[in-house]
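Peer 1: No sequence on hand, only this structure:
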């Protein structure tokens, strides 16, 4: 079946007792058992839930994975992946990643014994040089957050596998509609389902899509730690992925038009968007992505002061963290989502704004940005 069909049907057959075409919200903490230790597949809400199972089946289908495990948040999903490692194990990570990812690694896992090196993932020789005998994971975001660098997944997977390491791809920005990393050689795909998969800024969640053996290990860790989302959260994410394909087409079309427009604006010093022909990763993005995504980052000619004025002057672009909802958002990464990387090699430019381009009419969005840029000038 085609992607958009699987997004609506995988794991979401009509409920057999009533014929409900929506997966029910199984709002229960426990399940009656037929005998001592004899249950019908579910015994306790932390360990399993039919609504969660449906979402996991759907996400595994969309990423063409053997299995998927959904979590209470994207960071909970990432934490479970890092917990599969042991003290002394080494991770190679990109030098442009979500601030929350870096905060977790640097302040939680490194003190517990994990070793981490950051590198420009666009430089394959640098990635190869960073790998050690103790390297167990190579961690990739593509496009990266917030500078929208593009990483060659297939080439990076080859480097990781030559070192007997596994490749993890954070596919939150691209979504499985645009990129399916497992088919390019990745071993695990992580998501903040809060973003494009949920799509409506009304739910927080995360997921890991991978092989069956790894999923079993992650599910054990999840049950032991308790990092599970509630059934209503799972239901909202299921509802969101039904329209992922059509939403992503609108996000990409709007983002491409905005990036092209801003690239010619005198108040803009630089535009970071893989769809622009002069983007350093444009050719790789064209090869491994269906389209170029809904995220655009810009640097203002007037520096941080201009960036802050623009961020607080838009009307349709709400000043807020997060991304991937139907509404447009603007944020200043250096102060907001990436404050935890200040003073590190991952620090982002202070004149940078990150735009999550929504699915409003593009003419209205362009007018909103133009008015804010004029106000800054």
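Peer 2: Thanks, I have the structure now. From a predicted model like this one, the values you see are computed outputs, not experimental measurements.
Peer 1: what's the distance between residue 286 and residue 59?
Peer 2: Distance, residue 286 to residue 59, by Cβ to Cβ, to the nearest Å: 26 Å. The C-beta positions use only the backbone N, C-alpha and C, and glycine is treated the same way.
Peer 1: between the two, who's got more neighbours?
Peer 2: residue 59 (28 against 15; other Cβ atoms under 10 Å).
Peer 1: Can you say which helix or strand has residue 68 in it?
Peer 2: strand 67-71 (DSSP states H and E).
Peer 1: pLDDT averaged over that strand - what is it?
Peer 2: Per-region confidence: strand 67-71 scores 98 on mean pLDDT.
Peer 1: tally of neighbours for residue 208?
Peer 2: 29.
Peer 1: same question, residue 345
Peer 2: Residue 345 has 10 nearby residues by other Cβ under 10 Å.
Peer 1: Give the buried residues for the helix or strand where residue 159 lies.
Peer 2: Using DSSP H and E, the element containing residue 159 is helix 153-162. Going by neighbour count (16 or more other Cβ atoms under 10 Å), the buried part of helix 153-162 is 153, 155, 156, 157, 159, 160.
Peer 1: Beyond it, next helix or strand please.
Peer 2: Helix 153-162 is succeeded, C-terminally, by strand 166-170 (DSSP H and E).
Peer 1: quick one: contacts of that next one?
Peer 2: The contact list for strand 166-170 (Cβ atoms under 8 Å, 6 or more residues apart in numbering) reads 78, 81, 97-98, 101, 136-142, 153, 156-157, 160-161, 181, 185-191.
Peer 1: Of those residues, grab the buried ones for ChimeraX.
Peer 2: Here is the ChimeraX command that selects the buried residues among the contacts of strand 166-170 (16+ other Cβ under 10 Å):
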select :78,81,97,98,101,136,137,138,139,140,141,142,153,156,157,160,181,185,186,187,188,189,190,191
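Peer 1: Now go through the contacts of strand 166-170 and say which are in strands.
Peer 2: 136, 137, 138, 139, 140, 141, 188, 189, 190, 191 (DSSP state E).
Peer 1: returning to what we had before: compute the inter-axis angle for the strand holding residue 68 and strand 188-192.
Peer 2: 30 degrees (axes from the mean of the first three to the mean of the last three Cα atoms, to 10 degrees).
Peer 1: How about residues contacting strand 67-71?
Peer 2: So strand 67-71 is in contact with 52, 55-57, 59-60, 77, 80, 193, 205-212, 215-216, 218-219, 222, 227-229, 234, 237, going by Cβ under 8 Å, 6+ apart.
Peer 1: Pairing partners for that strand, with directions?
Peer 2: strand 206-210 (antiparallel) (DSSP bridges).
Peer 1: The strand it pairs with - what's its average pLDDT?
Peer 2: 98.
Peer 1: again with stretch 84-102
Peer 2: 97.
Peer 1: For that stretch, give the distance from the opening residue to the closing one.
Peer 2: One end of stretch 84-102 sits 17 Å from the other (Cα to Cα, to the nearest Å).
Peer 1: Next: stretch 87-103.
Peer 2: For stretch 87-103, the end-to-end distance is 18 Å (Cα to Cα).
Peer 1: By neighbour count, which bits of that stretch are buried? Give me those.
Peer 2: 89-102.
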